[in-house]
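> Starting from these lines, generate the structure:
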Amino acid sequence: EVQLQASGGGLVQPGGSLRLSCSASGFTFEDYALGWFRQVPGKEREGIACIKNSGGTYYADSVKGRFTISRDNAKNTVYLQMNSLKPEDTAVYYCAADPTCGPPYDYWGQGTQVTVSS
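Presented below is the predicted three-dimensional model:
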């Protein structure tokens, strides 16, 4: 059974940092690209970062320079380091897996809430 478990969300002040983690099981992790998405109620889901199995990374313009995606194949985990957070980063964040950074993505995890507020 494929599982993707995101964690690390919470409440942070503007300008602060958070690191999200997503642990995976049930598929060959090192063969897959891993992506992070976010969604605000009433808006479309936004793809914000992806890391390929080669280590190549892609970022949406909205997070470029502030967020960093990384992976640890030994731990079957992908991370999203979020710095200089803004109120508009408030969303539910999801991780997903695909052979080639999608779309579409093969596997999805449950979300973790990130709230940026003073």
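> Report the mean confidence score over stretch 19-31.
Averaged across stretch 19-31, the pLDDT comes to 97.
> how far does it stretch from start to finish?
23 Å (C-alpha to C-alpha, to the nearest Å).
> Go through it and flag the buried ones.
20-24, 27, 29 (16 or more other C-beta atoms under 10 Å). Yep, even glycine has a C-beta here, placed from its N, CA and C like the rest.
> And stretch 31-48, by the same measure?
32-38, 47-48.
> Kindly report the same for stretch 7-17.
In stretch 7-17, counting by 16+ other C-beta under 10 Å, buried: 8-9, 12.
> Which one of those is nearest to residue 61?
When the buried residues of stretch 7-17 are compared for distance to residue 61 (C-beta to C-beta), residue 12 wins out at 21.7 Å.
> Mind listing the residues bridging to that closest one?
Residue 12 has the following beta-bridge partners by DSSP bridges: residue 116.
> dump the residue contacts of it.
By C-beta atoms under 8 Å, 6 or more residues apart in numbering, the contact set of residue 12 is 18, 85, 114-116.
> Now a ChimeraX select for only the buried ones of these.
Here is the ChimeraX command that picks out the buried ones among the contacts of residue 12, judged by 16+ other C-beta under 10 Å:
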select :18,85,114,116
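> Can you lay out the contacts of residue 12 as JSON lines showing distance to residue 65?
Below are those laid out as JSON lines (distance: C-beta to C-beta, whole Å):
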{"residue": "18", "distance to residue 65": "16"}
{"residue": "85", "distance to residue 65": "13"}
{"residue": "114", "distance to residue 65": "18"}
{"residue": "115", "distance to residue 65": "22"}
{"residue": "116", "distance to residue 65": "17"}
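> Which members of the buried residues of stretch 31-48 are the farthest-apart pair?
32 and 38 (19.8 Å).
> thinking residue 30 is in contact with residue 74, fair?
No: counting by C-beta atoms under 8 Å, residue 30 does not reach residue 74; the two are 9.2 Å apart.
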